[in-house]
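Novice: Just the structure for this:
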Amino acid sequence: MTATRRWAWGAAFLVAASVVWAAPSDVEQEGNLEIFKKLMTGDHDEELLDIEALLKCRPNATSEEFGICLPLAHCANTGGVPAGTCAKGFGVCCIAQRTCGESTSYTHTNFVNPGYYSSDTGSGACTLTVNHAYKNICQMRLDFVELELAQPDADGNCNADFLTVTGGASAVPRICGSNSGQHMYIDVDPTCDALKVTVDRSAAPLAYRWWNIKVTQIPCDSEDRAPTGCLQYYTESSGYVRSFNFDNYNSFNDTVNSQIARLNYGVCIKASEGYCGITWERIAAFGHNSFTVSGNMLVTTPSLIGTATTSSTGAACTTDYVIIPGGVDNNQNSEDRFCGLGFPDSVTSTMKPFVMYVHTDADESLDVGNRGFGMQYRQITDCC
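Specialist: Okay, the predicted model is just below:
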């Protein structure tokens, strides 16, 4: 950040602060004035040249969102939404919120549908332009706090509504349907143009179309950066992974696919210290729908769907499948490719980095009622 920009921000902070500050104690006032002095003079560490990083805040102690600590008036003037207090009550934790046709240079921004908290009735492309907050940005993370769009068609193609991401360093798959709680990491070139996040909507009004996508910019040297090639990245020693638009609720004999076609991406798991391998299993609570990736559910015995009996491996998997490099199932069979309407009781791999690749083709006409997968993983310490 240039000295000119630091001065402009610092001056705006001081002017706006007079609107909302009220008789702080001597200690509190001294602490806050010290922050503003650093902003005005640039007297802070090089890695904190971005003002947002210096004043990053959470709306409350349990929130997973981040905002920027600003005086209330300045938050409103920059199009932000106040959410909780900060700076010992003298400022507000300002959430940068943007919608169609707008842009942002904040490190944390929430991209929402017009009239958020109600269904979006618009149509056409709704785009957020994400400019780099500073030159040292190598990755951006999209958290789908909420993402509810039209379902794919019978062949799994996202044609009515869909989300696309352009401007990154690699291709990002088009997704649609219900993806609340999912996320994506997108590599970006620090020297290139802005990232564009677009929700393209059909003209048909939908009662369930809305979104709130948290966009976080990640510095090149950040520990939060995902390895290159990982569209999704999980950092806990155990957890759950779902395919995009995974549906574990519908009946097993439903003829509609919720599995999205034309996917090709990697799901990476950060190897925790002291762990040598990883084990993948079905999620029992999802029953029939835990793993239905390829095949016709209508011609398969219902009680077998989702079990090891209806799973396929290796050369039998040519259309839709997942790959677990170095996989060994619970019967000690070495296979790395899995498909069908079921999954082995467990698959373990000691090959690092821990990753699962997901592939679906463009033709889902022979696959009926597929939901994708909902899997659980746990890292293990005994690999003998």
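
Novice: Any stretches of this structure with poor pLDDT?
Specialist: 1-54, 64, 248-256 (pLDDT under 70).

Novice: mind checking the longest strand of it?
Specialist: strand 137-148 (DSSP state E).

Novice: Apart from its chain neighbours, what residue comes closest to M140?
Specialist: Nearest non-adjacent residue to M140, counting by Cβ to Cβ, 6 or more residues apart in numbering: I186, 5.0 Å away. For every residue, glycine as well, the C-beta is placed using N, CA and C.

Novice: ok so the one you found is a strand residue?
Specialist: Yes - the assignment for I186 by DSSP: H, G, I helix; E, B strand; the rest coil puts it in a strand.

Novice: what about it, distance to N77?
Specialist: Separation of I186 from N77 (Cβ to Cβ, to the nearest Å): 30 Å.

Novice: Now stretch 375-384: buried residues?
Specialist: Going by neighbour count (16 or more other Cβ atoms under 10 Å), the buried part of stretch 375-384 is M375, Q376, Y377, R378, Q379, I380.

Novice: Adding distance to S178 and secondary structure, write those out as CSV.
Specialist: Conversion of the buried residues of stretch 375-384 to CSV gives the following (distance: Cβ to Cβ, whole Å; DSSP: H, G, I helix; E, B strand; the rest coil):
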residue, distance to S178, secondary structure
M375, 18, strand
Q376, 20, strand
Y377, 22, strand
R378, 26, strand
Q379, 28, strand
I380, 32, strand
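
Novice: will you turn those into TSV that also has distance to W280?
Specialist: As requested, these are exported to TSV (distance: Cβ to Cβ, whole Å):
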residue	distance to W280
M375	6
Q376	7
Y377	5
R378	9
Q379	11
I380	11
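
Novice: how's the chain carved up into domains?
Specialist: The record's domain split for the chain, according to automatic domain parsing, is 3-98, 102-219, 232-380.

Novice: Please tabulate these in TSV, including the columns distance to A226.
Specialist: Formatted as TSV, these follow (distance: least, Cβ to Cβ, whole Å):
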stretch	distance to A226
domain 3-98	17
domain 102-219	4
domain 232-380	4
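
Novice: Go through these and name the closest to R225.
Specialist: Nearest to R225 among those is domain 102-219 (5.1 Å), distances taken as Cβ to Cβ.

Novice: and the closest one, how far apart are its ends?
Specialist: 23 Å (Cα to Cα, to the nearest Å).

Novice: ditto for stretch 375-384
Specialist: Distance across stretch 375-384, first residue to last, is 24 Å (Cα to Cα).

Novice: these two touch, right, L263 and F246?
Specialist: No - the pair L263 and F246 does not pass the contact test of Cβ atoms under 8 Å, sitting 11.8 Å apart.

Novice: what about these two, which has more around it?
Specialist: F246 (23 against 20; other Cβ atoms under 10 Å).

Novice: List the beta-bridge partners for the closest residue to that one other than its chain neighbours.
Specialist: Spatial nearest neighbour of F246, excluding adjacent residues (Cβ to Cβ, 6+ apart): G372 at 4.5 Å. Beta-bridge partners recorded for G372 (DSSP bridges): T292.

Novice: Kindly report the same for the one 4 residues further on.
Specialist: Counting by DSSP bridges, Q376 is bridged to Y240, E281.

Novice: List the residues that contact it.
Specialist: Q376 is in contact with S238, G239, Y240, V241, W280, E281, R282, I283, counting by Cβ atoms under 8 Å, 6 or more residues apart in numbering.

Novice: Show the buried residues in those.
Specialist: Looks like those have V241, W280, E281, R282, I283 buried, using 16+ other Cβ under 10 Å.

Novice: ok, how many other residues are close to the residue nearest to M140?
Specialist: I186: 22 neighbours (other Cβ under 10 Å).

Novice: Wait, I324 touches C339, no?
Specialist: No - contact criterion Cβ under 8 Å: I324 and C339 do not qualify, at 11.9 Å.

Novice: Give me the residue at the spatial middle of this structure.
Specialist: Centroid-nearest residue in the chain: H183, 1.6 Å away (criterion: Cα atoms, centre = their mean).

Novice: and it, bridged to which residues?
Specialist: Here H183, judged by DSSP bridges, has bridge partners D143.

Novice: what does P219 give?
Specialist: Where P219 sits in a bridge, its partners, by DSSP bridges, are I137.

Novice: Checking my notes, K88 in a helix, right?
Specialist: Yes - counting by three-state DSSP, K88 falls inside a helix.

Novice: For the stretch 151-300 of the chain, which segments are assigned as strands?
Specialist: 162-166, 183-187, 195-201, 210-219, 232-234, 238-242, 264-269, 277-282, 291-292 (DSSP state E, counting those that start in this stretch).

Novice: chain center to the longest one: distance?
Specialist: Meaning strand 210-219. Taking Cα atoms, centre = their mean, to the nearest Å, one finds strand 210-219 lying 7 Å from the centre of the chain it belongs to.

Novice: Just give me the neighbour total for the nearest residue to A226 once chain neighbours are set aside.
Specialist: Distances taken as Cβ to Cβ, 6+ apart place Y233 nearest to A226, at 3.6 Å, with adjacent residues excluded. Using other Cβ under 10 Å, Y233 is surrounded by 20 other residues.

Novice: Please apply the same query to I213.
Specialist: The burial count for I213: 23, using other Cβ under 10 Å.

Novice: Who is it paired with across the strands?
Specialist: When assigned by DSSP bridges, I213 has beta-bridge partners F111, F144.

Novice: Can you tell me the number of residues neighbouring the nearest residue to T309 once chain neighbours are set aside?
Specialist: Leaving aside its sequence neighbours, T309 sits nearest to G342 (Cβ to Cβ, 6+ apart; 6.2 Å). By other Cβ under 10 Å, 24 other residues sit near G342.
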